[in-house]
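Peer 1: Sequence and computational prediction follow.
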Amino acid sequence: MKPSPLRQTCLARLDQLMARGLRLPQPFDAVALCRQASDVLGRDIALVGMPMPPGAPFGMTFFTDTGHVIAYEQRTSRVHRDHIIAHELSHVLLGHRALALDDRHASELLLPALRSTLVHRVLNRTGVYSRGEEQEAEMMATILLESASRDELGGPTGPEPTTRVADAALEARLRQGLEPPPR
């Protein structure tokens, strides 16, 4: 059976990245994949796990002066966490154009806690996969994780992914801005 046009697009982009040196870790390792993608793209990619507030997406990708920050829900299973990170990383790998941070709700969520000059844009999230970029990111995440399913079926879960965040102050602001307020 011939792959769908969407899958063909994602596979073609993955082939381009692999030709530039990207390797998919076996078994799947979100931290290692982000590190490799960072090397291939020449931009920092930091992972920040945190409890996301109710109603927020499970993951968000921020574009900074030096790279990308992927914030993801830490209170979930490893399989779900890996999927969130793979989906957010896929936006970066696919070169999706970030939208200006002008949405009122997103601004209320992010700008009080973050220096507006540091975080330029956040990918638009609708919560459904009707937009082309969301569908592409979901397909690319599936492709990235397919290799893991071959080796990790029934395998043990690993530790919480962590990476060095280039800007510790950014990590603190993300945590402060996205954690629910105290009651």
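Peer 2: Perfect, I can see it now.

Peer 1: for residue 136, what are its contacts?
Peer 2: Counting by C-beta atoms under 8 Å, 6 or more residues apart in numbering, residue 136 touches 6, 9, 10, 90, 94, 96. All C-beta spots, glycine's among them, are computed from the backbone N, C-alpha and C.

Peer 1: 6 Å instead?
Peer 2: Contact partners of residue 136, counting by C-beta atoms under 6 Å, 6 or more residues apart in numbering, are residue 94.

Peer 1: Low-confidence stretches in this protein?
Peer 2: Low-confidence segments of the chain, defined by pLDDT under 70: 98-130, 148-183.

Peer 1: wait, is residue 69 part of a strand?
Peer 2: Yes - looking at residue 69 with DSSP: H, G, I helix; E, B strand; the rest coil, it is inside a strand.

Peer 1: Tell me the spacing between it and residue 38.
Peer 2: Residue 69 sits 12 Å away from residue 38, going by C-beta to C-beta, to the nearest Å.

Peer 1: Tell me the bridge partners for the closest residue to residue 62 other than its chain neighbours.
Peer 2: In this structure, residue 62 finds its nearest non-sequential neighbour in residue 69, 4.4 Å apart by C-beta to C-beta, 6 or more residues apart in numbering. Counting by DSSP bridges, residue 69 forms beta bridges with residue 46, residue 62.

Peer 1: Residue 69 and residue 38: which is more packed in?
Peer 2: residue 69 (26 against 18; other C-beta atoms under 10 Å).

Peer 1: Burial check on residue 35, number of neighbours?
Peer 2: 16.

Peer 1: All the strands of this protein, in order from the start?
Peer 2: Here the chain has its strands, by DSSP state E, at 44-50, 59-63, 67-73, 99-100, 121-122.

Peer 1: For the first one, name the packing helices and strands.
Peer 2: Contact partners of strand 44-50 among helices and strands, from 3 or more C-beta pairs under 6 Å, 6 or more residues apart in numbering; DSSP states H and E: helix 30-41, strand 67-73, helix 168-178.

Peer 1: quick one: the helices in the chain?
Peer 2: Using DSSP state H, the helices found in the chain span residues 5-19, 30-41, 78-93, 104-110, 132-152, 168-178.

Peer 1: what comes up buried for the second one?
Peer 2: Along helix 30-41, these residues count as buried under the neighbour rule (16 or more other C-beta atoms under 10 Å): 30, 31, 32, 33, 34, 35, 36, 37, 38, 40, 41.
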